[in-house]
Structures are given as structure tokens and as C-alpha cells.
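Engineer: Have a look at this fold, sequence not included:
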């Protein structure tokens, strides 16, 4: 068989190019420490590596989100801590105001101090996140949550709760709405509230009471009225359910003994002191009240006249109501603070899980992409030797000619 010179040179050139390309590819693998240079090298592994790389990038973004969430929650926790401290101070001032030896000017001084605490509490409720947004305004981050009003403060935000994706299937709230923190406070003992009528002229003081049978609670409004008749005077009381029309009599002409328990509708409380004829008290289901309203009412109570036994009783009833509501507000702040702490603890767990997941992704990518250095160096040496042999053989073969022997 005759082989043309053109064929010899063409085949040799193609073979040398193939060997050089293989050697260059191996050299590229060694320089990048990657087994896959192009998707054509291993389409299945390349597709899998792309998926794992995307998952790893998402995991890294979640880690960034967790850092941002932790920063925001730390600001919220600090604000709630300040709010709790202020509420403790206000409760202490309310307790001090119950000192029977205080003069009107002393109560005025306490009222002035409480006004300062009220403005401090308002400042905490309007805390910003350092980037121009408000912590407690819900979704309306650029709107100041609270504005001071004669009756307390008006909430300008919404009920939204901003959240951030911190895991593949987990979102963490970044804050709580100002309404949930500062306005969602049940009055009284949390189930019902007792109050003295503002027109009372006697010295009756009503307690906060407690629930004796939760299943018997009706959620109705009740009015307890006193009657003083006869000589010597005999004091009795009547309880009416004012939620019905006409009011329904629950207890009628019951003898009054100061400090004795009064029970009906699953509720129990007592009244001390000497109520006057016509004095009345109300028992209603607990409602939601703003802490700013509670403090404003407390200031007004301290500035109201407290002359005589009736004035002192009215002050005591107002202080007891304020203390119950302040305790409820403080408990609510502590509950929200505990929730924030739980979210921050969860972020720690998610960080740990994210770090483990990143290691797993890195290991998977290494198995898919990384080069076996020992094998590649051996292959490179073999390819280099093969190329050199091919070059030498081609040189020798291309140098053969009959003319060398003529």
C-alpha cells in the first residue's frame, strides 16, 4: 500500500495536535486544581456542581441575613430593656404615691417626675434602627410610631411584623409592632377589672380581685351599688348585670362587712372602708389599654384633690388601678423581650446548622470538581513522554528520503 507524503504529514500533524491538546488540558487541570474545565468534560457532574454551588451561595446569603436579623433584634432587645426599666421606675413612683403622709405638693412633684418618665417611654417607643427606620412602626418604617396626645399617645404605625428569610424554610421577625408592645395590655387582673365610680363620696376601696371559676365567667358588665339606711346605719349592697336590658339583679341587699369577699360570676374581690349611700363600683371584662394612657391617668390622679376620706379613697383606688395596669404592661414588655431572646437563640442554632451545611456543600463540590493531583501528574508525565516520542518519530520519519542515498 502506498502512502502519500501529504497523508503522512496530515496524519502526523493531527496526531501531534491531539497530543498537545490533551497535554494542555492536563496542564490546565493542574494549574486550576479542577477536574472539570468545561461542562463537556463531565456534563452530569457539571450540572450537579452548579446546583450545589447555587445552594451554597443561598446558604451564604442566609448567613448574611442572620447577621442583619441579629443586629436588628439586638436593637429591639435594648429598647425593650429600657422600656422595662422605665416601667419599673414608674411602678415604684406609684407605690410611693400611696404614702398617706404625702402633701399635695409632694404628689405634684411625683406627677412632674412621672411626666418625665412618660416622655422617656415615648422616646423608647419611637426608637430608630440607625438607618432612618423606626423599630416599632410595623411595616411603616418611616412613620414615627407614637405621637403624644392629651389622653396618652396615638399609634401611627400598623400591625405588621417585618420578617427576614434566615433559612431555607425559616423567617424570623425583626421586631414587633408598637401596638403589640405598648398598647396590647389587659386592664385589671387580666380577666376583669374593678373600678370605683368617680362620683363616690364614701371611703370604699375595692381590690383587683381574682378568678375563682373560669368556666363561670360571663364576660358581662356588673354594677355594685351601696345603700346605707336605718339607725344605727346598716350598709347593704346590690349587684346588677348591666349587660342586659333591663339590668338583671344578681345579688340583692347583701349585708356589707368591710374586707369580706364578694363573689359572683366566677369572680371574687373585696371592698374595704366605709362606702357612702349611693356609692357604686363596676366590674367589667379586661380591655386592652395603652401604657401611655395608664401613665397619663396616673398623673391626673396624683394631681386630683385628695382631701378627706373620700378623696384619699379615690386616690387609693386610682393608684391600685394604675399599679394593676402597669404590672400588666411590664409583663407584656417582658413577654415580647423573651420572644426576641428566643429568636436570637434560634439564630445561633441556625448559624451552627448553616456552618455544617457549608462544610457539606464544600465537600460535595470537592468530590465533583477537585482534581486527583497524583493521578494528574502521572498522566501529565505520560502525555509529555508520548508527545515527545511522537515528535521525535515524526522528525525521523519525515527526514527519510531516497535522495540521501543518491
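Structural biologist: Thanks, I have it. Model, not experiment: these values are computed from the prediction. Residues are numbered from 1 along each chain as shown.
Engineer: rest of the way, CA atoms for contacts and neighbours
Structural biologist: Fine.
Engineer: After the lengthiest helix in the chain, which helix or strand is next?
Structural biologist: When the chain is parsed with DSSP state H, its longest helix is helix 308-369. Toward the C-terminus, helix 308-369 is succeeded by helix 373-398 as the next helix or strand (DSSP states H and E).
Engineer: what's that following helix packed up against?
Structural biologist: helix 5-32 (3 or more CA pairs under 8 Å, 6 or more residues apart in numbering; DSSP states H and E).
Engineer: Show the average pLDDT along the next helix or strand after the helix it packs on.
Structural biologist: For helix 5-32, the following helix or strand on the C-terminal side (DSSP H and E) is helix 43-97. The pLDDT scores in helix 43-97 average 91.
Engineer: which stretches of this protein have low pLDDT?
Structural biologist: For the chain, the stretches with pLDDT under 70 are 1-4, 40-41, 370, 372, 399-406.
Engineer: what residues go with each domain of it?
Structural biologist: 42-187+287-370, 192-280 (automatic domain parsing).
Engineer: which of those domains sits most buried?
Structural biologist: domain 42-187+287-370 (a mean of 18; mean count of other CA atoms under 10 Å).
Engineer: Quick one: distance of it to the chain centre.
Structural biologist: Distance of domain 42-187+287-370 from the chain centroid (CA atoms, centre = their mean, to the nearest Å) equals 7 Å.
Engineer: residues contacting the closest residue in space to residue 209 that isn't next to it in sequence?
Structural biologist: What sits nearest to residue 209 in space, not counting adjacent residues and going by CA to CA, 6 or more residues apart in numbering, is residue 269, at 4.0 Å. Residues counted as contacts of residue 269 (CA atoms under 8 Å, 6 or more residues apart in numbering) are 206, 207, 208, 209, 210, 261, 262, 263.
Engineer: and residue 269, how far is that from residue 281?
Structural biologist: Computed as CA to CA, to the nearest Å, the residue 269 to residue 281 distance reads 12 Å.
Engineer: shared neighbours of these two, which are they?
Structural biologist: With CA under 8 Å, 6+ apart, residue 269 and residue 281 have common neighbours residue 206.
Engineer: which ones are touching the nearest residue to residue 215 once chain neighbours are set aside?
Structural biologist: Of all residues not flanking residue 215 in the chain, residue 266 sits nearest, at 7.2 Å (CA to CA, 6+ apart). Under the criterion of CA under 8 Å, 6+ apart, the contact list for residue 266 reads 211, 212, 213, 214, 215, 216, 217.
Engineer: Hmm, the third one is touching residue 267, no?
Structural biologist: Yes. When contacts are counted by CA atoms under 8 Å, residue 213 is listed as touching residue 267 (7.0 Å).
Engineer: you'd agree residue 284 is in a helix?
Structural biologist: No. Using DSSP: H, G, I helix; E, B strand; the rest coil, the assignment for residue 284 is strand, not a helix.
Engineer: Which residue, neighbours along the chain excluded, lies closest to it?
Structural biologist: Nearest non-adjacent residue to residue 284, counting by CA to CA, 6+ apart: residue 221, 4.6 Å away.
Engineer: how close does the one you found get to residue 204?
Structural biologist: Residue 221 sits 20 Å away from residue 204, going by CA to CA.
Engineer: Kindly report the same for residue 335.
Structural biologist: In terms of CA to CA, residue 335 sits 34 Å off from residue 204.
Engineer: What are the phi and psi values at the residue nearest to residue 284?
Structural biologist: phi -90, psi 140 (degrees, to the nearest 10).
Engineer: Residue 25 versus residue 36, what's the distance?
Structural biologist: Distance from residue 36 to residue 25, by CA to CA: 10 Å.
Engineer: Name the residue in those two with the higher neighbour count.
Structural biologist: Comparing residue 36 with residue 25 by other CA atoms under 10 Å, the one with more neighbours is residue 36, at 21 against 16.
Engineer: who's in contact with residue 285?
Structural biologist: So residue 285 contacts 191, 192, 193, 219, 220, 221 (CA under 8 Å, 6+ apart).
Engineer: didn't the first one look like it was pressed against residue 211?
Structural biologist: So that's residue 191. Yes. The pair residue 191 and residue 211 qualifies as a contact (CA under 8 Å) at a distance of 7.3 Å.
Engineer: what do these two both touch?
Structural biologist: Taking CA under 8 Å, 6+ apart as the criterion, residue 191 and residue 211 do not both touch any residue.
Engineer: For the residue nearest to residue 215, give its distance to residue 191.
Structural biologist: 11 Å.
Engineer: Residue 89 too?
Structural biologist: 25 Å.
Engineer: can you check residue 152 too?
Structural biologist: For residue 152, the distance to residue 191 (CA to CA) stands at 23 Å.
Engineer: Dihedrals phi and psi, the closest residue to residue 288 other than its chain neighbours?
Structural biologist: Take residue 288 and drop its neighbours on the chain: the residue closest to it by CA to CA, 6+ apart is residue 186, 4.6 Å away. Residue 186 adopts backbone torsions of phi -70, psi 140, taken as degrees, to the nearest 10.
Engineer: what's residue 186 in contact with, if anything?
Structural biologist: Contact analysis of residue 186 by CA under 8 Å, 6+ apart lists 286, 287, 288, 289, 325, 328, 329.
Engineer: please redo it, this time with the cut-off set to 6 Å
Structural biologist: 286, 287, 288 (CA atoms under 6 Å, 6 or more residues apart in numbering).
Engineer: same check, this time on residue 273
Structural biologist: By CA under 6 Å, 6+ apart, residue 273 lies in contact with 203, 204, 258.
Engineer: please redo it, this time with the cut-off set to 8 Å
Structural biologist: By CA under 8 Å, 6+ apart, the neighbours of residue 273 are 203, 204, 205, 258, 259.
Engineer: How much space separates the second one from residue 300?
Structural biologist: If you measure residue 204 against residue 300 using CA to CA, the figure is 20 Å.
Engineer: do the last one as well
Structural biologist: Plainly put, residue 259 is 28 Å away from residue 300 if you go by CA to CA.
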